[in-house]
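K.L.:
show me how the following folds:
(chains A and B)
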Number of protein chains: 2
Amino acid sequence: MIRFYNGKILSMCDGAEISDEEIWVHDDKICYVGEEKTDMPQFSREIDLCGNLLMPGFKNAHTHSAMTFARSLADDMPLQEWLFNKIFPLEEKLTEESVYYFNKLAVMEYLTSGITASFDMYYYRPSFAQSNIDCGFRSVICGVGGTFEEMEKDLLRFSNLHPLISYIPGTHAEYTATIDSLKDLSKLSHKYETPVFAHNSETLKETEECIARNGMTPTALFESLGLFDFGGGGFHCVYLSEEDMDIFARRGAWVVTNPGSNSKLASGIAPLTAMMNKGINIAIGTDGASSNNALDFFREMYLAAVLQKLSEKDAGACNAMSVLKMATIGGARCMGLKDCDTIACGKQADLIVMDLQRPNMQPINDVVKNIVYSGSKENVALTMVAGKILYEKGEFFIGEEPRLVYEKCDALLKGMLNG
Amino acid sequence: MIRFYNGKILSMCDGAEISDEEIWVHDDKICYVGEEKTDMPQFSREIDLCGNLLMPGFKNAHTHSAMTFARSLADDMPLQEWLFNKIFPLEEKLTEESVYYFNKLAVMEYLTSGITASFDMYYYRPSFAQSNIDCGFRSVICGVGGTFEEMEKDLLRFSNLHPLISYIPGTHAEYTATIDSLKDLSKLSHKYETPVFAHNSETLKETEECIARNGMTPTALFESLGLFDFGGGGFHCVYLSEEDMDIFARRGAWVVTNPGSNSKLASGIAPLTAMMNKGINIAIGTDGASSNNALDFFREMYLAAVLQKLSEKDAGACNAMSVLKMATIGGARCMGLKDCDTIACGKQADLIVMDLQRPNMQPINDVVKNIVYSGSKENVALTMVAGKILYEKGEFFIGEEPRLVYEKCDALLKGMLNG
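P.N.:
Next up, the predicted model:
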């Protein structure tokens, strides 16, 4: 059992309320949140927080983790050109081994910015799952389409593989799917009463071409096929129309916003303010390292907020607390991780310690605003997933030395570039 | 003498070229850049870079350092309301002592993101200068207007105070100055043949009100008064007209862009792409911690690039190398620090070591793109100003313990809020 004491707790249960309670972790769960007790059990470790902040980890609700290989490899070009001419050809050379290591690299980066779970859509899913399991990292695998049988096989396989791994069906996007495959996805969703996710209206081009092909937007098409009947949602959602947003609101579907990727690829700014006004559920994702290029939740939170201020011409738009909710509670609920959302007794111990004794956190006029507007990876002192410390004071505890992961990734990437 | 060896050097002398040379630092200067020698002098310290990158430090070309006190104190409101109702009343309570400590806090934050000099416009300048001198940090003080005699006194005082301190005349902005005081500033500029700087066209409101008052934009007004006769430039410059940009280009004046502050205050996106097309000199600044809220050059560089991609709807706009030049060489030249721009023999040793052995820097497909698009404060392993190591592996060497600076700032701020 691990004890965290002498710190501040931002549980995310009651808005911005901060308590002075202590927390005990047993196996993978939080087993006590409260005052110091006179009669205490035997702890394997007691961590003095020294006044620092313990809070739920960030949930990266849309990413392609193994795309770390393409970081800084093909920048400064439009999305469709980037995707079809640069990324897709290289992805054909991926292997089980390369996805395993490229994901380990992503997990390391996630841990440095306090991310405790990924909602990942990519290839070689068994190998990807094993990579996370070996690291001790939590991931929700999002399906990428296929035949009904292929998707059902994935659903059954990954839903029962390991406590750290879960699965939500999905498809890449309208423009890479057929109507028949979307109907299969809907059939699967209805058979298992499960939400489904897909890229949705990331670029104006994608949205316009979908309308030309189908006579309706991706959102309207997905709804017409029953793909929102159990919630679910869309990644990016930059070009949702009023009617699209009404569908999301009515269906309780999730918008996963990716402000870093949408900015770097010049895709646009998602209308989060209008979405919030309509009561749409919002979570945040980094997207892959090939388009963002960092997997840094502090960057994403800051961008989510300030891009709204810019596009709404209103410095009051999208305040810090609304963004912090998207990044923690929002992501967890979007990903079906209902036990990973807040700090409370019985919840999964997916936690981070924020070092407040760094200059960017001083003075502490407002902890939530400090985190969203001036927080950075230098403040992440510890990242714990399912009760295990995977990152502490700059060091990784994922079962493999960083240098070996880097060397392996380098060698695998060289093979892809030369092969 | 200090030796840096076994690393990579991004000198910024030849674009993105990276060498395997080593560097020696004697007193405040770089005294050798070249191959390893068989006959070597006695070093006080030999630093094994372990393959990491040594490069010039970033130059923060517009800031109000001591405004750290107002971080997260008054967010989510428009610039003019924020400035007149929240910030100005608190600033009236500043003292020599509070500016001294609030600046120390800013210097610590600068060091964590590899900033080696500030171009600072604020109050209690003697106390501010002493704070930087005591830290060992370099600062160019920008004047804030006043009578001719007051400005001349400041110019003479700060130009000869200490090698780390220099001075460039300036005024806050058109909307806080009188025409007579601008004429005095012009007289000073001509007497000493010195550039002058001011806030310029930060908001649409400011620009429109200047036109209503004076029949011309701030830029045209400043030019008509001779304020660009020796170069100089403007801070923010979000709403420059075509004619304004032509003035900047013709005069060789500097635009100092502040993308973080302009985003958070919803001021707008400066047209950097149009400026670059006209050949205008550009540098980057964080602005104060009250509006940004972090003093983080990785954030500023990323924003400078991706906001252009967004506003130009072109993912190729404002590439990584152009931004890195603004952040290093550009800033140094804008601030008159001609010996602090690159890594070369005889230059000031204002250097940083970037740790490339962190997940966000892997794989190393392109070092410059990695720095601009995925770099973060976690990569700053060492910051050296004028040959002195002020920051290394998370620790500060500025003559005072971090905790004491935080406590002092807290106490001084409490006095201001309650007084």
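
K.L.:
list the contacts of A:Thr116.
P.N.:
A:56-59, A:110, A:137-138, A:340, A:350-352, A:383-385 (C-beta atoms under 8 Å, 6 or more residues apart in numbering or on different chains). For glycine as for every other residue, the C-beta is placed from the backbone atoms N, C-alpha and C.

K.L.:
same deal with A:Ile168?
P.N.:
Per C-beta under 8 Å, 6+ apart, neighbours of A:Ile168: A:119, A:140-143, A:194-197, A:232, A:335-336.

K.L.:
10 Å instead, please
P.N.:
A:119, A:121, A:140-143, A:155, A:158-159, A:189, A:194-197, A:231-233, A:334-336 (C-beta atoms under 10 Å, 6 or more residues apart in numbering or on different chains).

K.L.:
buried subset of the residues you listed?
P.N.:
The neighbour count (16 or more other C-beta atoms under 10 Å in any protein chain shown) marks A:119, A:121, A:140-143, A:155, A:158, A:189, A:194-197, A:231-233, A:334-335 as buried among these.

K.L.:
is it correct that A:His199 is in contact with A:Tyr175?
P.N.:
Yes - between A:His199 and A:Tyr175 there is a contact at 8.5 Å, judged by C-beta atoms under 10 Å.

K.L.:
which neighbours do the two share?
P.N.:
With C-beta under 10 Å, 6+ apart as the test, A:His199 and A:Tyr175 both reach A:206, A:218.

K.L.:
secondary structure class for the residue nearest the centre of chain A?
P.N.:
Central residue of chain A (C-alpha atoms, centre = their mean): A:Asn60, 1.3 Å from the mean position. What DSSP: H, G, I helix; E, B strand; the rest coil gives for A:Asn60 is strand.

K.L.:
looks like it contacts A:Ile115 (just checking).
P.N.:
Yes - the criterion here is C-beta under 10 Å, and A:Asn60 meets it with A:Ile115 at 4.8 Å.

K.L.:
is A:Leu351 in a bridge, and if so with what?
P.N.:
A:Pro56, A:Met384 (DSSP bridges).

K.L.:
that one contacts A:Asp28, correct?
P.N.:
No - between A:Leu351 and A:Asp28 there is no contact under C-beta under 10 Å: 11.3 Å.

K.L.:
re the thing from before, among A:His199 and A:Tyr175, which residue is more densely surrounded?
P.N.:
The residue with more neighbours, out of A:His199 and A:Tyr175, is A:His199; 25 against 16, by other C-beta atoms under 10 Å in any protein chain shown.

K.L.:
now for A:Trp254: which residues touch it?
P.N.:
A:61-62, A:119, A:195, A:197, A:231-235, A:237, A:248, A:280-283, A:326, A:330-331, A:333-335.

K.L.:
okay, helices next: where are they in the stretch 101-250 of chain A?
P.N.:
Secondary structure of the stretch 101-250 of chain A (DSSP state H, counting those that start in this stretch): helices at A:125-135, A:148-159, A:179-192, A:204-214, A:218-224, A:242-251.

K.L.:
please identify the deepest-packed of those helices.
P.N.:
Counting by mean count of other C-beta atoms under 10 Å in any protein chain shown, helix A:218-224 has the highest mean neighbour count of the helices of the stretch 101-250 of chain A, with a mean of 22.

K.L.:
phi and psi next, for the closest residue to A:His62 other than its chain neighbours.
P.N.:
Leaving aside its chain neighbours, A:His62 sits nearest to A:Gly285 (2.8 Å; criterion: C-beta to C-beta, 6 or more residues apart in numbering or on different chains). Backbone torsions for A:Gly285, taken as degrees, to the nearest 10, come to phi -140, psi 160.

K.L.:
likewise the one 3 residues further on?
P.N.:
A:Gly288 adopts backbone torsions of phi -80, psi 160, taken as degrees, to the nearest 10.

K.L.:
re earlier: overlap in contacts, A:Asn60 and A:Ile115.
P.N.:
A:106, A:286, A:295, A:297, A:300, A:327, A:331.

K.L.:
what's the closest non-adjacent residue to the last one?
P.N.:
Think A:Gly331. Using C-beta to C-beta, 6+ apart, the closest residue to A:Gly331 is A:Lys59 (2.7 Å).

K.L.:
thought A:Asn403 was touching B:Gln357?
P.N.:
Quick fix: residue A:403 is Arg, not Asn. Yes - here A:Arg403 lies in contact with B:Gln357, judged by C-beta under 10 Å, at a distance of 7.1 Å.

K.L.:
contacts only, for A:His236.
P.N.:
A:62, A:173, A:198-203, A:206, A:255-259, A:261-262, A:265, A:267-268, A:270, A:285, A:287.

K.L.:
look up how far A:Thr207 lies from it.
P.N.:
10 Å (C-beta to C-beta, to the nearest Å).

K.L.:
now do the shared contacts for those two.
P.N.:
In contact with both A:His236 and A:Thr207: A:200-201, using C-beta under 10 Å, 6+ apart.

K.L.:
pretty sure A:Ile282 sits in a strand.
P.N.:
Yes - under three-state DSSP, A:Ile282 falls within a strand.

K.L.:
any idea which helix or strand comes after the lowest-mean-pLDDT helix or strand in chain A?
P.N.:
Sorting the helices and strands of chain A by mean pLDDT, DSSP states H and E puts helix A:79-81 at the bottom, at a mean of 74. Using DSSP states H and E, the helix or strand that follows helix A:79-81 in sequence is helix A:88-91.

K.L.:
show me how far that next one is from its chain's centre.
P.N.:
Relative to its chain's centre, helix A:88-91 lies at 23 Å (C-alpha atoms, centre = their mean, to the nearest Å).

K.L.:
by contact count, what packs against that helix?
P.N.:
helix A:402-418 (3 or more C-beta pairs under 10 Å, 6 or more residues apart in numbering or on different chains; DSSP states H and E).
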